[in-house]
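Student: Quick one: sequence and predicted model below, then my questions.
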Amino acid sequence: QSRMSEEQEIAAKIGELGEQIKAAKTEKKPKEEWEPILNEMLALKAKYKEVTGKDFGPPPKEKKVKKQPQEQQAPSAKNAEKKAAKAAAKAAKEAKKAAQRAERERREKEKAERLAGVG
C-alpha cells in the first residue's frame, strides 16, 4: 500500500516540477533559473524507476481501434480532371527544369572550353 502512495507522490512531484519548468520556459526565463528544477525532476524520475521498476513517462495513451478501411471510391470526374491537370503541370515544370539544366550545362561546358583555350 505505502509503495503505491510513494509512486503517486513521486509522480505528482514530477508533474509539478514539469509544470514549473514549462511556466519558466513560457516566460522565457534564463536556463539558470529553471535548470535546478530540471535536475530535481530528473533525480525524482530516477527514484521513481527505483521504486516502481519502470521509467516515468507520459500516461499511456489508449490505443484507438482503427476502423476498417473503407473501399476507395473512384475519383469523381472533377477530381480526375484536377489530378490530370496537376500531373500535366508537374510534368511541364519537370521538363522546363530539365531543359534549363541542360542549357546551364551547355553554357558551363562552353565556358570551360573557352577558359581552356586561353591557357
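Tutor: Yep, that arrived.
Student: Next, count neighbours for residue 6.
Tutor: When counting by other C-beta atoms under 10 Å, one arrives at 14 neighbours for residue 6. The way it works is simple: take the backbone N, C-alpha and C, and place the C-beta from them, glycine included.
Student: which stretches of the chain form helices?
Tutor: 2-26, 31-52, 77-118 (DSSP state H).
Student: For the chain, give me the ranges with low pLDDT.
Tutor: Across the chain, residues meeting the criterion (pLDDT under 70) sit at 1-4, 58-75, 118-119.
Student: what's residue 56 sitting at in phi/psi?
Tutor: Listed backbone geometry of residue 56 is phi -80, psi 130, with angles given as degrees, to the nearest 10.
Student: Contact partners for it?
Tutor: Remark: with contacts taken as C-beta atoms under 8 Å, 6 or more residues apart in numbering, residue 56 is in contact with 10, 11, 14, 44, 45, 48, 49.
Student: got it, and residue 6?
Tutor: residue 51.
Student: what's near enough to touch residue 90?
Tutor: Contact criterion C-beta under 8 Å, 6+ apart gives no residues in contact with residue 90.
Student: With residue 78 as the reference, measure out to it.
Tutor: Separation of residue 90 from residue 78 (C-beta to C-beta, to the nearest Å): 19 Å.
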